[in-house]
Each structure stands twice: as structure tokens, then as C-alpha cells.
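> Below are the sequence and a predicted model; questions follow.
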Amino acid sequence: MVSVLHAYLNYSLNNECPQSGKINLLKQHYRNVLPRSIDYYLLIDSLNLLFGVIYEFFSKDSIAHGIYLQSLEPYILTNRFDTILPTVLKDFINYCIDNNNLNQLEQCLDRLNVSCLDLDQIIEITRKYEVYMTLLHIYSKGFKDFTTILKEIIEKLEDIFIGNNGTSYSTKMTLIGNQALVFIQTILVGDMYSFSGRLSYDMVHFRRNE
């Protein structure tokens, strides 16, 4: 089966690939080939190939590389997989940042298994771009720390409120404040924030004491 899939990709990208014309035609060709290919590799449970040989194959062309990274998003958001090799994830993060897709990046990171994340890198990026939903996810899931980021959010909201003479918050900070409230409500009823199932009884007790 794997050899058949490789043959399909080779044929699609070498024989069927437009050799001339507008870049849009090439992009559309890759968009047609990639989702079908990802579906096949997920069907045979070959994430190592999808993020290994296949990723290297598409990385040879800058346009194909971008479409590959773009194509991962819907599969992450629908929970088709929750782990990505670090090298691929790093490129995916940079792609989202370069294309100003921070909202999509936040939603994707919140659905990935914390164990596959380079936590130092993710924390640095999420703090830089104020992606607090992901920070809440990482600290609560990865470190079992339910208070550090909440305190950070509250302090930032206070500083902004004082800076605006007690009049208003930006739309972004209002959203962050609302996310913090959802986080508090979620963990108080015994759920993991934000898409990770239930907390254990011991963790619920520990969390409430915090």
C-alpha cells in the first residue's frame, strides 16, 4: 500500500503537475493532491511517513511546502491527529506567523498533545504574540499549573485598564479576559482546558485548593 501511495504522489507531482502557466494553477494542483494524500496516510496510520518522507518530498518546492503546511490545519482542528514531529511543527508555526494566522495557530496548538511540543519555543512565541489560550492550555496540561497564566492575564488587564484611565479594553484584551473566565469555569467543573477531557479526582481537589 505504501509503495502505491508513493507511486501516486510521484505521478501526481511529476507527470500531472503543471509545467507552465500561472502560479495559481500550481497551487490548485497541490491543493487537490495533498488532502487526498493525507487522507490515505492517515487511513493506513502512517504519521511517520506523512511527517517524514512525504514532508521532505514537498519541502523541495517552496509552493508545495506552503500548501503542505496549510493543509495540516483542518486535520488538526478536526482531531484527526494530535502529534506532529518537532521539525514539521516548527515550520507550521512559522508559516502561521508569517501569514498572520495567529487565531488558527492558537486553535491548532490547543488541540495538539503537549508532549509533542517544544515548550520553551511555544511559550516564547505565545507570550510574544499574546496567545494566552495556548499558554493556559500548556501550563494547565503540561505543568499542572492553573494559576500562573491567570495571574499574568489579570495583571495585564489591570495595567491596560489603568493605562486607559479606567475607561475601556481593546477587543483583543476583552477576548483574552473572556478566555480566562472560560478557563476558570472549565476547571472548576473538573474539565481540562480546552479540548483535553476530564481531570482526575485528585487533580480536581488539587486545583480547587490552588
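Received the coordinates, thanks.

> can I see the domain layout of this structure?
Here the domain parsing of the chain from automatic domain parsing is 1-81, 115-210.

> Tell me which of these lies nearest to Cys108.
Closest approach to Cys108 among the domains of the chain is made by domain 1-81 (4.5 Å; Cβ to Cβ). (C-beta placed from N, C-alpha, C; glycine too.)

> picking up where we left off before, how about the domains of the chain in TSV, adding distance to Asp91 and mean neighbour count?
Output for the domains of the chain, formatted as TSV (distance: least, Cβ to Cβ, whole Å; neighbours: other Cβ atoms under 10 Å):
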stretch	distance to Asp91	mean neighbour count
domain 1-81	6	15
domain 115-210	12	15
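
> Kindly report which one of the ones you listed carries the lowest mean pLDDT.
Between the domains of the chain, the one with the least mean pLDDT is domain 115-210; it has a mean of 78.

> Name the SS class of the residue of the chain most remote from its centre, please.
What lies farthest from the middle of the chain is Asn165; by Cα atoms, centre = their mean that is 35.9 Å. Classification of Asn165 by DSSP: H, G, I helix; E, B strand; the rest coil places it in coil.

> repeat for the one 10 residues further on
The three-state label given to Leu175 by three-state DSSP is helix.

> What ranges does this structure have for its helices?
2-14, 23-43, 47-50, 53-58, 62-77, 86-98, 102-109, 119-128, 132-142, 148-163, 171-188, 201-209 (DSSP state H).

> any idea how far Arg127 is from the nearest residue to Tyr41 once chain neighbours are set aside?
Nearest residue to Tyr41, sequence neighbours excluded (Cβ to Cβ, 6 or more residues apart in numbering): Leu50, at 4.3 Å. Distance of Leu50 to Arg127, given as Cβ to Cβ, to the nearest Å: 30 Å.

> what do you get for Asn165?
From Asn165 to Arg127 the distance is 26 Å (Cβ to Cβ).

> Spit out the contact partners of Cys108.
72-73, 76-77, 92, 96 (Cβ atoms under 8 Å, 6 or more residues apart in numbering).

> at 6 Å what do you get?
Residues in contact with Cys108, defined by Cβ atoms under 6 Å, 6 or more residues apart in numbering, are Ile76.

> Quick check, pLDDT for it.
With respect to pLDDT, Cys108 has a value of 94.

> one step back: looking at the domains of the chain, which is nearest to Leu102?
Set against Leu102 and scored by Cβ to Cβ, the domains of the chain come closest in domain 115-210, at 5.6 Å.

> Over to the residue farthest from the centre of the chain: give its phi and psi.
With angles defined as degrees, to the nearest 10, Asn165 sits at phi 60, psi 30.

> Between the domains of the chain, which one is closest to Gln107.
domain 1-81 (6.1 Å).

> any idea how far that closest one is from the chain center?
Centre-to-centre, domain 1-81 and its host chain are 19 Å apart (Cα atoms, centre = their mean, to the nearest Å).

> Ok, stretch 118-134 next?
On Cα atoms, centre = their mean, the centre of stretch 118-134 falls 11 Å from the chain's centre.
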